[in-house]
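Trainee: Sequence plus predicted model, see below.
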Amino acid sequence: MATERVTRVVERDPGSTTYVDNGGGRGGLGGVIIGIAVLALVAIVAFFLLDANRNDALRTNAVTSAASTVADSTATAARSVGDAATTAADSVNPQK
């Protein structure tokens with residue numbers, strides 16, 4: 001909302017003079033420049049927040065994949081140990 005400033009000076013002589021200052025020409029272009037700067041700042045902040053969110057998602061997927069690989073390796077190792085135990089038991093006490 002534009003603000004208008006009015007200044008009046010009245011002299012008490014017979015030829016009284018009134019000065020009116022409407023404050024014209026202020027804030028128009030400056031307001032537009034400030035608006036563009038604020039819009040650019042919001043766009044930059046949004047870009048960095050979205051980029052950080054994407055990086056967090058990639059990191060989460062990498063950790064999930066690594067955990068899955070460790071679980072698969074553990075399951076394979078457990079099967080191998082079980083098979084080795086069965087083979088050892090059969091060699092000590094063969095089934096007839």
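Mentor: Okay, I see it.
Trainee: What average pLDDT does the helix or strand that residue 57 is a member of get?
Mentor: Following DSSP states H and E, one finds residue 57 within helix 28-92. Confidence for helix 28-92, expressed as mean pLDDT, is 89.
Trainee: Determine the set of other helices and strands touching it.
Mentor: Packing partners of helix 28-92 (3 or more CB pairs under 8 Å, 6 or more residues apart in numbering; DSSP states H and E): none among the helices and strands. (C-beta placed from N, C-alpha, C; glycine too.)
Trainee: Next, residue 93: phi, psi?
Mentor: Backbone dihedrals for residue 93, given as degrees, to the nearest 10, come out at phi -130, psi 80.
Trainee: For it, give me its contacts.
Mentor: With CB atoms under 8 Å, 6 or more residues apart in numbering as the criterion, no residue contacts residue 93.
Trainee: gap between it and residue 80?
Mentor: 21 Å (CB to CB, to the nearest Å).
Trainee: Check residue 90 too.
Mentor: 16 Å.
Trainee: again with residue 45
Mentor: For residue 45 relative to residue 80 (CB to CB), the value is 53 Å.
Trainee: Next: residue 63.
Mentor: Counting by CB to CB, the gap from residue 63 to residue 80 is 26 Å.
Trainee: can you check residue 58 too?
Mentor: Using CB to CB, residue 58 is found at 33 Å from residue 80.
Trainee: likewise residue 60?
Mentor: Using CB to CB, residue 60 is found at 31 Å from residue 80.
Trainee: likewise residue 72?
Mentor: 13 Å.
Trainee: before we move on, what about residue 34?
Mentor: Counting by CB to CB - residue 34 and residue 80 are separated by 69 Å.
Trainee: just residue 28 next, same as before
Mentor: The spacing between residue 28 and residue 80, counted by CB to CB, is 79 Å.
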